[in-house]
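Chemist: Pasted the sequence and its predicted model underneath.
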Amino acid sequence: MRFPLLAAALLSVAALSIGLAQCSGSGGNASAGLPSPSPLRPKAIFVGNFSGASIPSFPATTTGNVAPTTVITGSAVLSPYLIYDDSTGRIWSPNFLLATVTAYSAGSSGNATPAVSIGGSNTGFANPAAVYVNSGGTIFVTDPGGGSIRIFSPASNGNVAPSTVITGANTTFGQPAGIWLDSSSNIYVTNFTQASIDVFASSASGNVAPMQIITGSNTLLSSPLGLTLDSSGNIYVANPGNHNVLVFPAGSNGNVTPSRVISGASTLLSFPAGIAVDSAGFIYVADANTSAVLVFAPNANGNVAPVQNISGGSTGFNNIRGLTVR
């Protein structure tokens with residue numbers, strides 16, 4: 001089973017987070033030019049609070065040591081990982097240690113009953129890490145414990161088998177983690193232990209090779225985790241092995257140099273795990289070590305400070321993983 005490598009790398013940050021959080025403090029790092037809410041910015045940030053067994057939400061432009069506005073809790077949301085917000089407003093949670101994927105209706109809070117709960121022996125789940133739901137409702141789940149991408153038909157619920165599984169030696173998978181689809185439905189996956197981003201055709205199934213692989217020393221990839229694409233197809237990666245965030249141009253392939261690298265002491269990045277980007281270009285990062293959501297300005301590059309820093313005891317954060325914006 002491939003899970004222990006990823007678990008050791010990720011679960012071990014809990015001990016480090018206490019000391020690092022004390023160093024970072026609980027105040028915000030907002031710049032004087034922090035924008036107010038606008039049509040280009042989402043209304044809320046939702047966070048996969050892994051060790052806190054919850055999904056809290058915050059106003060998208062908030063900063064500092066603030067309490068969440070809503071918190072989804074309950075036994076069905078244990079160990080949420082790289083969460084996702086679909087086109088219907090549902091929040092999807094891959095529950096890493098429960099081997100389930102759950103979804104919560106828009107407006108859910110408290111001990112909410114999932115609208116969808118996929119789990120059981122037929123699913124083949126070992127340790128689901130990320131989920132993506134396309135506009136047609138097809139559900140894509142990465143499973144580093146099983147070295148696979150498991151794809152479920154729309155409206156799947158309960159102990160159901162995937163309609164398609166991408167797995168096998170030709171995939172190059174070590175531990176597939178983050179996942180996203182581009183406008184052509186090609187499937188992008190971070191390959192945590194292989195230091196790569198693998199891209200599969202929309203029709204991929206079984207033991208197939210990627211049609212593109214971003215990998216090599218020029219890429220700076222090291223244990224890549226969270227992944228997202230913007231509307232132009234640019235690729236954003238949370239890259240904890242090098243404590244940075246990388247941006248690659250659309251269509252990147254091979255041993256390519258990132259177009260942007262957010263890295264350095266001013267960034268406060270220690271173990272960036274989850275990542276999102278909004279329509280205005282703001283970059284949202286869930287940092288597991290510091291238990292902080294760090295937001296960077298559009299076109300941020302180099303050793304730059306975040307314009308927002310949501311962290312501190314009032315947030316309830318405990319070893320956070322993914323995030324999504326709505």
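Modeler: Good, I have the coordinates.

Chemist: Just list the residues touching residue 157, thanks.
Modeler: 116-118 (Cβ atoms under 8 Å, 6 or more residues apart in numbering). The way it works is simple: take the backbone N, C-alpha and C, and place the C-beta from them, glycine included.

Chemist: Who wins on neighbours among these?
Modeler: Neighbour tally across the contacts of residue 157 (other Cβ atoms under 10 Å): the maximum, 27 neighbours, falls on residue 118.

Chemist: okay, now residue 290: neighbour count?
Modeler: 27.

Chemist: Same check on residue 320?
Modeler: Counted with other Cβ under 10 Å, the neighbours of residue 320 add up to 30.

Chemist: Local confidence estimate at it?
Modeler: On pLDDT, residue 320 comes in at 98.

Chemist: Could you give the secondary structure assignment for it?
Modeler: Under the three-state scheme (DSSP: H, G, I helix; E, B strand; the rest coil), residue 320 adopts coil.

Chemist: out of everything not next to it in sequence, what's closest to it?
Modeler: Distance criterion Cβ to Cβ, 6 or more residues apart in numbering; nearest residue to residue 320, sequence neighbours excluded, is residue 286 at 4.8 Å.

Chemist: who's in contact with the one you found?
Modeler: Residue 286 sits next to 47-48, 226, 238, 272-275, 293, 320-323 when contact means Cβ under 8 Å, 6+ apart.

Chemist: gap between it and residue 171?
Modeler: Distance, residue 286 to residue 171, by Cβ to Cβ, to the nearest Å: 26 Å.

Chemist: How about residue 322?
Modeler: Using Cβ to Cβ, we find residue 322 at a distance of 22 Å from residue 171.

Chemist: Would you reformat the contacts of residue 286 as JSON lines and include secondary structure and distance to residue 138?
Modeler: What follows is the contacts of residue 286, written out as JSON lines (DSSP: H, G, I helix; E, B strand; the rest coil; distance: Cβ to Cβ, whole Å):
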{"residue": "47", "secondary structure": "strand", "distance to residue 138": "25"}
{"residue": "48", "secondary structure": "coil", "distance to residue 138": "21"}
{"residue": "226", "secondary structure": "coil", "distance to residue 138": "21"}
{"residue": "238", "secondary structure": "strand", "distance to residue 138": "24"}
{"residue": "272", "secondary structure": "strand", "distance to residue 138": "28"}
{"residue": "273", "secondary structure": "strand", "distance to residue 138": "25"}
{"residue": "274", "secondary structure": "strand", "distance to residue 138": "22"}
{"residue": "275", "secondary structure": "strand", "distance to residue 138": "22"}
{"residue": "293", "secondary structure": "strand", "distance to residue 138": "29"}
{"residue": "320", "secondary structure": "coil", "distance to residue 138": "27"}
{"residue": "321", "secondary structure": "coil", "distance to residue 138": "23"}
{"residue": "322", "secondary structure": "coil", "distance to residue 138": "20"}
{"residue": "323", "secondary structure": "strand", "distance to residue 138": "22"}
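
Chemist: The one helix or strand the residue nearest to residue 320 maps to: partners in the sheet, and parallel or antiparallel?
Modeler: If you go by DSSP states H and E, residue 286 is part of strand 283-287. With DSSP bridges as the test, strand 283-287 is paired with strand 272-277 (antiparallel), strand 292-296 (antiparallel).

Chemist: I'd like the ones you listed as JSON lines, with mean pLDDT and mean neighbour count appended.
Modeler: Formatted as JSON lines, the strands paired with strand 283-287 follow (pLDDT from 0 to 100; neighbours: other Cβ atoms under 10 Å):
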{"stretch": "strand 272-277", "mean pLDDT": "98", "mean neighbour count": "26"}
{"stretch": "strand 292-296", "mean pLDDT": "98", "mean neighbour count": "27"}
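
Chemist: Just put these in CSV and tack on distance to residue 57.
Modeler: Shown next, in CSV, are the strands paired with strand 283-287 (distance: least, Cβ to Cβ, whole Å):
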stretch, distance to residue 57
strand 272-277, 13
strand 292-296, 11
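
Chemist: wait, which of those strands is closest to residue 188?
Modeler: With Cβ to Cβ as the criterion, residue 188 lies closest to strand 272-277 of these, at 12.4 Å.

Chemist: residues in contact with that closest one?
Modeler: 10, 45, 47-48, 82-83, 178, 225-228, 230, 236-240, 243-245, 283-288, 294, 320-325.

Chemist: Narrow those residues to those that are buried.
Modeler: 10, 45, 47-48, 82-83, 178, 225-228, 236-240, 243-245, 283-288, 294, 320-325 (16 or more other Cβ atoms under 10 Å).
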